[in-house]
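Visitor: Need a 3D model of the following:
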Amino acid sequence: MKISVTLRLRGLVTSLLLPFVMLVHNASHGQEVVTTWKALELNDWKGKSSGGSGYDLEQGTANHSLPLDVVDGKWIRVTSSADAKSPDFKILISILDEQSRVISKNLPTLCEIKGLRKTCITTAWIQPAGASAKVTLYSNFLPVIAVPEKFEVALESQLRQENVSRFEDITSEMARLYFRTVEVDWPLIKSKVEGALVAPEEIDPIPYAIAQLVGRLPDSKHSAVYPTTNEQDSKPPVLPACKELRSRGSSIWRLDLPGTSGSQQSNSLYVRAATKCFGRPKVKQWIINLTENFGGDAMVMFAALSPLFKYGALMQFQNPNGGRFVVVKSSSGISLNGKLMQRVNPAKRSLRSKVLVVVNKVCASSCEAVAIALKGNHQIVGTSTAGFATANESLILNKRFALAITSGYMADAKGKVFSIVEPDLIITDEDITGIIKYGEIRSE
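Guide: Residues are numbered from 1 along each chain as shown. Sure, this is the predicted structure:
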């Protein structure tokens with residue numbers, strides 16, 4: 001779940017970095033510093049060539065080592081093009097230790113689609129602690145041809161007081177919100193990433209510095225820097241859909257509930273699609289398929305599944321300070337601690353069907369919140385969920401990036417905390433497929 005938090009810039013400057021701010025100001029004599037970028041020649045790519053200057057990522061990745069003697073302690077910028085249809089093409093800039101373990105976090109790759117191709121760019125600060133570094137072109141879906149375009153290293157960078165103040169303000173909010181903050185030595189981990197604030201003028205270093213900070217938290221699997229908009233926003237959203245199955249002569253209906261995409265318009269379509277499915281008369285049994293639900297907006301999902309819930313508390317989010325944020329269904333809709341989050345039209349008829357809920361390890365985050373609310377009211381079968389049963393709050397970093405930071409735990413309506421959702425009946429992946437395809441466990 002994402003709850004927006006407004007940052008209050010207080011103009012704080014860390015004493016550690018202040019001398020560097022003064023040094024940069026004095027060196028420039030108040031003049032604007034213009035960044036010079038130097039092109040890097042990377043001609044020894046490892047990967048399957050597509051026959052031209054590109055690489056076929058269908059069978060894996062394409063990667064190239066980076067010369068540490070040139071890039072160590074500096075910012076680099078990498079540009080590559082790829083097929084526009086690739087939904088998850090990424091440019092990864094990795095810093096590795098002596099055991100070849102990745103010790104850095106990547107920012108999400110930003111892409112712009114033009115026709116059949118898209119141009120993508122990412123930036124990174126090569127922290128001096130690494131033993132080696134590399135750039136990787138990656139895609140997990142569809143045959144994708146990626147073409148490396150430009151590789152640049154910044155020759156001039158500066159530390160701006162504005163960024164130091166923003167960094168201090170954001171990390172103060174992180175320390176206040178993070179659900180395991182008492183375990184964190186905040187001054188120490190901040191000192192490990194503050195070097196990234198010395199950056200080229202046209203690059204905002206805050207998102208990258210915060211991403212590195214998140215990687216040093218004791219539990220960061222559900223915390224991440226993410227883009228506030230992405231290329232998927234222009235594509236039609238994936239909506240809930242229902243399908244009739246025939247099992248041993250009986251009619252069973254399956255509702256596929258995907259993750260949500262985020263825009264207000266698509267959320268309305270999402271709820272409307274599920275409501276239309278549940279409006280079908282004389283359905284004796286429903287199968288709720290959560291096996292492809294990666295998460296999203298929990299309030300939207302609760303509204304979509306509203307016919308499955310009785311009035312009252314559905315589940316709750318808890319923080320370490322004793323705060324409880326209870327999700328409640330009423331005649332008006334879905335509310336969080338009394339604030340209406342999603343309006344729901346009252347059902348014309350009560351749902352009297354049997355309900356079977358199917359989950360697996362894909363079901364994550366808000367999907368797990370839904371599973372917690374359904375557990376005890378309807379039978380859940382499948383495998384364990386992803387284990388992201390924690391609450392997130394969002395901090396806006398700039399116009400392009402925000403931070404989702406884990407701030408609490410998920411619990412059922414009675415207060416029982418979950419770190420993962422275990423089904424009432426554990427079945428194999430093959431049996432899950434049988435239920436989704438045929439409405440029953442059936443060997444292929």
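Visitor: From Pro148, how far off is Asn63?
Guide: 10 Å (C-beta to C-beta, to the nearest Å). (Each C-beta comes from the backbone N, C-alpha and C, glycine too.)
Visitor: For the two, indicate the residue with more neighbours.
Guide: Taking neighbours as other C-beta atoms under 10 Å, Asn63 and Pro148 compare with Pro148 leading, 21 against 16.
Visitor: where's that one relative to Ala175, distance?
Guide: From Pro148 to Ala175 the distance is 39 Å (C-beta to C-beta).
Visitor: Spit out the residues that contact Asn63 and Pro148 alike.
Guide: 45, 137 (C-beta atoms under 8 Å, 6 or more residues apart in numbering).
Visitor: Below-threshold pLDDT in the chain: ranges please.
Guide: 1-35, 230-234, 347-350, 442-444 (pLDDT under 70).
Visitor: Quick one: the helices in it, in order.
Guide: Secondary structure of the chain, counting by DSSP state H: helices at 18-28, 68-71, 161-177, 186-193, 206-214, 264-278, 298-304, 366-374, 429-438.
Visitor: I'd like those laid out as JSON lines, including mean neighbour count.
Guide: Formatted as JSON lines, the helices of the chain follow (neighbours: other C-beta atoms under 10 Å):
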{"stretch": "helix 18-28", "mean neighbour count": "13"}
{"stretch": "helix 68-71", "mean neighbour count": "14"}
{"stretch": "helix 161-177", "mean neighbour count": "19"}
{"stretch": "helix 186-193", "mean neighbour count": "16"}
{"stretch": "helix 206-214", "mean neighbour count": "25"}
{"stretch": "helix 264-278", "mean neighbour count": "18"}
{"stretch": "helix 298-304", "mean neighbour count": "26"}
{"stretch": "helix 366-374", "mean neighbour count": "27"}
{"stretch": "helix 429-438", "mean neighbour count": "17"}
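Visitor: As a markdown table, those with distance to Lys48 would be great.
Guide: Formatted as a markdown table, these follow (distance: least, C-beta to C-beta, whole Å):
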| stretch | distance to Lys48 |
| --- | --- |
| helix 18-28 | 45 |
| helix 68-71 | 26 |
| helix 161-177 | 41 |
| helix 186-193 | 35 |
| helix 206-214 | 30 |
| helix 264-278 | 36 |
| helix 298-304 | 40 |
| helix 366-374 | 35 |
| helix 429-438 | 30 |
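Visitor: Tell me which of those helices lies nearest to Glu152.
Guide: Closest to Glu152 of the helices of the chain, according to C-beta to C-beta: helix 68-71, at 10.1 Å.
Visitor: Now the closest one - C-alpha only, CSV.
Guide: Output of helix 68-71 as CSV, limited to C-alpha atoms (Å, rounded to 0.1, in the frame of the first residue of the first chain):
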residue,chain,number,x,y,z
LEU,A,68,37.5,1.2,-13.0
ASP,A,69,40.6,3.4,-13.5
VAL,A,70,38.4,5.7,-15.7
VAL,A,71,35.0,5.5,-13.9
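Visitor: That helix packs against which elements?
Guide: With contacts taken as 3 or more C-beta pairs under 8 Å, 6 or more residues apart in numbering; DSSP states H and E, helix 68-71 sits against strand 132-138.
Visitor: Adjacent strands (with direction) for the strand it packs on?
Guide: strand 62-65 (antiparallel), strand 90-96 (antiparallel) (DSSP bridges).
Visitor: Name the residues that touch stretch 297-308?
Guide: 1-2, 240, 257, 260, 262, 267, 270-271, 273-275, 278, 288, 293, 309, 314, 327, 329, 333-334, 336, 341-344, 347, 351, 355, 365-367, 369-370, 373-374, 377-378.
Visitor: What ranges does the stretch 101-250 of the chain have for its strands?
Guide: 110-114, 117-125, 132-138, 145-154, 224-227, 241-247, 250-256 (DSSP state E, counting those that start in this stretch).
Visitor: Let me have those in JSON lines, extended by distance to Ile93.
Guide: Below are the strands of the stretch 101-250 of the chain laid out as JSON lines (distance: least, C-beta to C-beta, whole Å):
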{"stretch": "strand 110-114", "distance to Ile93": "13"}
{"stretch": "strand 117-125", "distance to Ile93": "4"}
{"stretch": "strand 132-138", "distance to Ile93": "5"}
{"stretch": "strand 145-154", "distance to Ile93": "10"}
{"stretch": "strand 224-227", "distance to Ile93": "14"}
{"stretch": "strand 241-247", "distance to Ile93": "38"}
{"stretch": "strand 250-256", "distance to Ile93": "36"}
